[in-house]
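Undergrad: fold the following, please.
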Amino acid sequence: MREKTIRVAVVTNSFNPKGGGVATAHHQLSILLQRKYDLQILAYADTEQGTETHVVRRHTPRWIGGLLDTIGRAYVRRYNRRAQPTDVPAILRSSWGAWLLNRSLRRINPHVLIVPDFDLPLYWLRPPDQCKVIWFSHHNYLRFIGNPLLEPRDSADTDIARSMERRALRKADAAVCPCDYMSREFRRAYGTDMPVFKIPNWFDAETANAIPRSSFREQKGWKIDLPVVYIPSAGSEFKGKRYVFEIVRRLSKVVDGGVGFFLSGSIPADLKLELDTAGLMERVHAPGTLAWVENLACVKACDFGISPTLVENFSMAILEAMAMGLPFAAFDTGGNREIITDQKSGWVVPYLDVDALVERACGMALNEQNRRQMSGDAALGISQMLAPCTVLNLYENLFCSLLNH
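TA: Predicted structure coming up:
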């Protein structure tokens, strides 16, 4: 079968991405696969009215989503009356939009269907008989259980979500995991003999580098030589919100001449209060949730990044930033060690060692020459790891192994 005659459908929640690493990863994946295959996008939670012929957009109407959310919460509370469920209601909220894609899926009749695990759209999809289904393991609900640093997850909510996850997984022929960590977690969660392929998330650095740099530094009145630090999803519990204030406070105190910060994502009231009380908000650019392109423009205006994340897979935020030349200091968790080359393109410090994280960040802030060297190593390392021909070959091998059986 010739490559251009292989029809590939990629499922995502929105196109272009409205936020979130999974949507961004699948958006980037579609850009890559479109170079070689007949590609279609199926978006199950997208309210935009696009004109692209290769994109199908569906969504759950708000009133139906509210009803499904209520049903999901009530169902979980049958097993735990005090439950505060999040997983099952979210899966149900996306169900209507995913189910509406079935007509388009039959019309497209792809040879290969790539589906994310987050929101479990495959639970509601009915792939054609001859279609090979690839489960992309980005999320994996079991990973968030048992970490005492996170808010306790409701066991009934997670058990139901995992049961639905297992049923959806029966429709898949193979799984893709973006790093060794996610491969291990996939085996631990499912214990299946399904073939698992390790293929990293891809990022189109050329397109991103064409995005104009944000002018927020000038708008804030910061000096041109002020080092600016990027902290991804700074208000997220999972991404280490509990450490963000201390990182900002310590760096601001230690670095001569000061330092600025770009905190991406929504910033909760408690973090704002901490920063305000300490008089640090003037050092912070926190515009809230931005469109993907706007967020990248702000990242480009930064000098290096810090990630105190508590739970990680194969971070699209770190991948994007390093592809654009930002060295990173991060905890040794998830796939961070597979993205960051320790002591060359950044620093990977022991998990939860905030002192080491701040120390490495101070070094990058104070040593411009070393930072510039790391910046070049970061961009070069990502470009080599994610060379389009390399990643496309991995997908070609995957598709051939499935379609030739």
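Undergrad: quick one, what contacts the closest residue to D119 other than its chain neighbours?
TA: Sequence neighbours aside, S94 is the residue nearest to D119 in space, at 4.4 Å (criterion: C-beta to C-beta, 6 or more residues apart in numbering). Yep, even glycine has a C-beta here, placed from its N, CA and C like the rest. With contacts defined as C-beta atoms under 8 Å, 6 or more residues apart in numbering, the neighbours of S94 are 13, 44-45, 60, 119-121.
Undergrad: now these as TSV including distance to A330 and secondary structure?
TA: Converted to TSV, these look like this (distance: C-beta to C-beta, whole Å; DSSP: H, G, I helix; E, B strand; the rest coil):
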residue	distance to A330	secondary structure
N13	26	coil
Y44	31	coil
A45	29	coil
T60	35	coil
D119	26	coil
L120	29	coil
P121	30	helix
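Undergrad: can you give me the buried ones in stretch 107-116?
TA: Residues of stretch 107-116 classed as buried by neighbour count (16 or more other C-beta atoms under 10 Å): 108, 110-116.
Undergrad: so which of those residues belong to strands?
TA: Cross-referencing those against strands under DSSP state E gives 112-116.
Undergrad: just to revisit the earlier point, whichever of the contacts of S94 end up buried, select them in ChimeraX.
TA: Below is the selection syntax for ChimeraX that covers the buried ones among the contacts of S94, with 16+ other C-beta under 10 Å defining burial:
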select :13,44,45,60,119,120,121
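Undergrad: how's this structure carved up into domains?
TA: What automatic domain parsing lists as the domains of the chain is 3-202+386-403, 206-385.
Undergrad: could you dump those into CSV with mean pLDDT added?
TA: Formatted as CSV, the entries for these read as follows, by pLDDT from 0 to 100:
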stretch, mean pLDDT
domain 3-202+386-403, 92
domain 206-385, 93
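Undergrad: farthest-separated two in the buried residues of stretch 107-116?
TA: With C-beta to C-beta as the measure, no two of those lie farther apart than H111 and P116, at 18.8 Å.
Undergrad: my guess is H27 contacts N13. True?
TA: No. Between H27 and N13 no contact is recorded; they are 10.1 Å apart, counting by C-beta atoms under 8 Å.
Undergrad: between its first and last residues, how far does stretch 328-346 reach?
TA: Distance between the two ends of stretch 328-346: 5 Å, counting by C-alpha to C-alpha, to the nearest Å.
Undergrad: gap between that stretch and the chain center?
TA: Relative to its chain's centre, stretch 328-346 lies at 16 Å (C-alpha atoms, centre = their mean, to the nearest Å).
Undergrad: flag every buried residue along it.
TA: Neighbour-count burial for stretch 328-346, counted by 16+ other C-beta under 10 Å, picks out 328-336, 338-341, 345-346.
Undergrad: residues in contact with it: which ones?
TA: By C-beta under 8 Å, 6+ apart, the list of residues contacting stretch 328-346 reads 178-182, 200, 240, 304-315, 318-319, 321-322, 327, 347-353, 357, 360-361, 364, 374, 377-378, 381-382.
Undergrad: follow-up on the earlier one: for G72, see how far away the residue nearest to D119 is.
TA: Computed as C-beta to C-beta, to the nearest Å, the S94 to G72 distance reads 11 Å.
Undergrad: ditto for L392
TA: 39 Å.
Undergrad: drop anything exposed from the contacts of stretch 328-346.
TA: With burial judged by 16+ other C-beta under 10 Å, the buried subset of those is 178-179, 181-182, 200, 240, 304-315, 318-319, 321-322, 327, 347-349, 352, 357, 360-361, 364, 374, 377-378, 381-382.
Undergrad: show me those that map onto helices.
TA: Cross-referencing these against helices under DSSP state H gives 181-182, 318-319, 321-322, 357, 360-361, 364, 374, 377-378, 381-382.
Undergrad: now the two most distant members of those residues.
TA: Maximum pairwise distance in those, criterion C-beta to C-beta, is 27.7 Å, between M182 and M364.
Undergrad: where do the strands sit along the stretch 251-400 of the chain?
TA: Along the stretch 251-400 of the chain, the segments classed as strands by DSSP state E, counting those that start in this stretch run 260-263, 284-285, 304-307, 328-331, 346-349.
Undergrad: sheet partners, orientation included, of the strand or helix carrying F197?
TA: F197 is part of strand 196-198, with elements assigned from DSSP states H and E. Strand pairing for strand 196-198, using DSSP bridges, gives strand 174-177 (parallel).
Undergrad: so what touches the strand it pairs with?
TA: Outside strand 174-177, the residues within contact range by C-beta under 8 Å, 6+ apart are 114, 132-137, 183, 185-186, 194-199, 398, 401-402.
Undergrad: if you set the cut-off to 6 Å instead, what comes out?
TA: 134-137, 183, 186, 194-199 (C-beta atoms under 6 Å, 6 or more residues apart in numbering).
Undergrad: what do you get for stretch 117-136?
TA: So stretch 117-136 is contacted by 11, 22, 44, 91, 94-95, 98-99, 102, 109-110, 112-116, 137-139, 164, 168, 171-176, 402 (C-beta under 6 Å, 6+ apart).
Undergrad: also stretch 31-42?
TA: For stretch 31-42, the surrounding residues in contact (C-beta under 6 Å, 6+ apart) are 3-4, 6-11, 15, 30, 54-56, 101, 108, 202, 204, 392.
Undergrad: on that earlier part again, for the residue nearest to D119, what are phi and psi?
TA: Dihedral pair for S94: phi -90, psi -10, per degrees, to the nearest 10.
Undergrad: starting from Y123, give me the distance back to it.
TA: Noted for S94: a distance of 9 Å to Y123, by C-beta to C-beta.
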